[in-house]
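S.K.: Compute the structure for the input listed below.
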Amino acid sequence: MTLLERYILRIAFGAFAACLVALTAVIWITQALRELDLLTSKGQTILVFLTVTGLTLPTLIAVIAPVALFIATVYTLNRLNGDSELIVMSAAGVAPVRLMRPFAVLAATIAGLVGILVLYVMPASFQELRDLITKIRADFVANVVKEGQFTTLDNGITFHFRERAGAALLGIFMQDRREQGRTVVYLAERGQVAEAGGQSYLVLEKGSVHRQQPNSRDSSIVAFDRYAVDLSAFNQDEGQVIYKPRERSTAQLLFPDENEPYYRLQAGRFRAELHDRLSSWLYPIALTLIAFAALGDPRTTRQGRGAAVALAVVGVVALRIVGFAASSAAVRSPVAAAAVWAAPIAAILLSLAFALKGPAARALAARAGRWTERKLLPYLARLPRIRRA
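M.R.: Below you'll find the model as predicted:
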């Protein structure tokens with residue numbers, strides 16, 4: 001890479017890093033504010049809060065990175081043109097291909113990063129987030145019971161406490177009628193949730209246990225200073241967790257269990273998610289080329305570039321709308337999955353034709369487009385072999 005190309009790459013990378021960090025931070029803060037309920041009403045620790053919000057970072061980066069790259073490309077080209085450097089390069093005989101090379105290197109790097117995030121990191125983070133949220137929701141004391149109210153579960157447990165005192169509960173009443181004909185009542189002055197061996201327990205202090213035996217009116221009363229109750233008994237969701245398509249690994253989408261009932265109901269969503277993941281790396285390249293096609297030409301300072309910037313923004317918005325529409329159509333039809341790939345590929349070819357100009361470039365783009373339409377897209381539409389439910 002020449003000195004000129006390294007100079008352009010340094011400017012573009014600096015602008016990309018700044019945009020990525022700024023946009024990710026802003027959006028992450030908004031997401032974190034929405035999860036403050038974990039700390040306030042649900043009584044979770046700051047570590048759980050940071051874990052839940054941190055697991056959304058791979059998704060944010062994968063979504064924001066192409067946009068940050070587009071903004072960085074627009075900024076770099078505007079800066080080079082504003083300082084008359086594009087004009088000097090053009091006068092010195094720098095070809096558009098050479099000017100495009102540093103942007104292509106940066107776009108290929110970001111495309112690889114997005115591909116890794118979408119194919120491997122995001123599914124794992126979504127799955128971990130689902131497991132953590134399921135665990136939080138299973139925390140009966142923090143999420144279900146309300147101060148001063150009697151809460152009855154479907155499995156036959158009734159719970160009540162008078163008030164909270166920090167992390168402790170005061171004035172606890174609990175009735176367990178899960179076993180037919182047998183009733184157990186717990187009364188305690190104070191109780192607090194504790195964890196041991198990966199299990200959660202409600203530790204009761206200074207109370208008594210009232211047990212009524214089956215088919216008998218006799219009952220026994222046992223007083224205690226400390227008594228631990230396993231909170232797994234309070235969990236009403238004892239079924240197996242079913243992961244959504246976006247929470248499954250790429251291998252599970254490529255080779256799904258066709259006998260799974262959930263897969264049979266959501267085969268279209270599995271197909272759309274797979275094609276979205278496999279084609280996601282094309283968008284950083286497409287957005288970079290759209291910006292270069294609109295702003296790559298040198299212009300004097302008297303010639304405004306606002307219209308070119310607006311045109312590039314419109315092109316990016318149109319591409320994303322078409323991509324979302326193609327993904328929605330792929331849920332309903334296997335044939336429409338080809339459109340998930342066609343949208344970014346068409347944007348790349350059209351941008352190359354406008355950016356490089358000349359009959360040879362247009363002929364090459366047209367030839368590549370015909371090959372994509374006849375050979376590549378029909379093959380991709382059959383990946384994987386997903387039968388209609």
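S.K.: if I look at the residue lying closest to residue 282 once chain neighbours are set aside, how far off is residue 297?
M.R.: Of all residues not flanking residue 282 in the chain, residue 344 sits nearest, at 3.7 Å (CB to CB, 6 or more residues apart in numbering). All C-beta atoms are positioned from the backbone trio N, CA, C, and that covers glycine. In this view, residue 344 and residue 297 are 23 Å apart by CB to CB, to the nearest Å.
S.K.: So the two - more neighbours on which side?
M.R.: Shown here are residue 344 and residue 297; by other CB atoms under 10 Å, residue 344 has more neighbours (25 against 18).
S.K.: what's in contact with whichever helix or strand residue 201 is part of?
M.R.: Here residue 201, judged by DSSP states H and E, is contained in strand 199-212. Contact partners of strand 199-212, identified using CB atoms under 8 Å, 6 or more residues apart in numbering, comprise 139, 141, 172, 182-195, 218-232.
S.K.: got it, and stretch 108-126?
M.R.: Taking CB under 8 Å, 6+ apart as the rule, stretch 108-126 contacts 16, 55-59, 61-62, 65-66, 69, 244, 246-250, 276-278, 280-285.
S.K.: Okay, buried residues for that stretch please.
M.R.: 110-111, 113-115, 117-119, 121-123, 125-126 (16 or more other CB atoms under 10 Å).
S.K.: Specify which member of the residues you listed is nearest to residue 267.
M.R.: residue 123 (18.0 Å; CB to CB).
S.K.: and the closest one, how far is that from residue 55?
M.R.: 12 Å.
S.K.: And residue 95, by the same measure?
M.R.: Residue 95 is 45 Å from residue 55, by CB to CB.
S.K.: Domains in the protein, by residue range?
M.R.: Residue ranges for the domains of the chain, per automatic domain parsing: 3-137+243-381, 146-230.
S.K.: Adding mean pLDDT as columns, could you present the ones you listed in a markdown table?
M.R.: What follows is those, written out as a markdown table (pLDDT from 0 to 100):
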| stretch | mean pLDDT |
| --- | --- |
| domain 3-137+243-381 | 83 |
| domain 146-230 | 81 |
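S.K.: which residues touch the spatially most central residue of the chain?
M.R.: Nearest to the mean C-alpha position of the chain, by CA atoms, centre = their mean, lies residue 59 at 3.5 Å. Shown in contact with residue 59 (CB under 8 Å, 6+ apart): 122, 125, 126.
S.K.: if we can go back for a sec, you'd agree the residue nearest to residue 282 is up against residue 286?
M.R.: Yes - with contact defined as CB atoms under 8 Å, residue 344 and residue 286 form a contacting pair (4.5 Å).
S.K.: which neighbours do those two share?
M.R.: Counting by CB under 8 Å, 6+ apart, the residues touching both residue 344 and residue 286 are residue 319.
S.K.: ok, and the closest non-adjacent residue to residue 171?
M.R.: Using CB to CB, 6+ apart, the nearest residue to residue 171 is residue 162, at 2.9 Å.
S.K.: Using the three-state scheme, assign the one you found.
M.R.: For residue 162, the secondary structure call by DSSP: H, G, I helix; E, B strand; the rest coil comes out as strand.
S.K.: number of nearby residues for it?
M.R.: The burial count for residue 162: 13, using other CB under 10 Å.
S.K.: for residue 129, same thing?
M.R.: 18.
S.K.: Output whichever strand or helix holds it as CSV, restricted to C-alpha atoms.
M.R.: Assigned by DSSP H and E, residue 129 belongs to helix 122-137. Taking C-alpha atoms only, helix 122-137 is exported to CSV below (Å, rounded to 0.1, in the frame of the first residue of the first chain):
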residue,chain,number,x,y,z
MET,A,122,-24.5,-12.7,18.3
PRO,A,123,-26.2,-16.1,18.5
ALA,A,124,-24.1,-17.0,21.6
SER,A,125,-24.9,-13.6,23.2
PHE,A,126,-28.6,-14.0,22.4
GLN,A,127,-28.7,-17.5,23.9
GLU,A,128,-26.8,-16.4,27.0
LEU,A,129,-29.2,-13.4,27.4
ARG,A,130,-32.2,-15.7,27.1
ASP,A,131,-30.9,-18.0,29.8
LEU,A,132,-30.1,-15.1,32.1
ILE,A,133,-33.5,-13.5,31.6
THR,A,134,-35.2,-16.8,32.2
LYS,A,135,-33.2,-17.1,35.5
ILE,A,136,-34.2,-13.6,36.5
ARG,A,137,-37.8,-14.2,35.8
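S.K.: what's the angle from that helix to strand 199-212?
M.R.: 30 degrees (axes from the mean of the first three to the mean of the last three CA atoms, to 10 degrees).
S.K.: now helix 122-137: how far from the chain's centre is it?
M.R.: 11 Å (CA atoms, centre = their mean, to the nearest Å).
S.K.: now the closest residue to residue 315 other than its chain neighbours, what's its secondary structure?
M.R.: Nearest residue to residue 315, sequence neighbours excluded (CB to CB, 6+ apart): residue 290, at 4.7 Å. At residue 290 the chain is in helix, as set by three-state DSSP.
S.K.: residue boundaries of the strands in this protein?
M.R.: Ranges of strands within the chain are 151-152, 157-165, 168-176, 183-196, 199-212, 219-230, based on DSSP state E.
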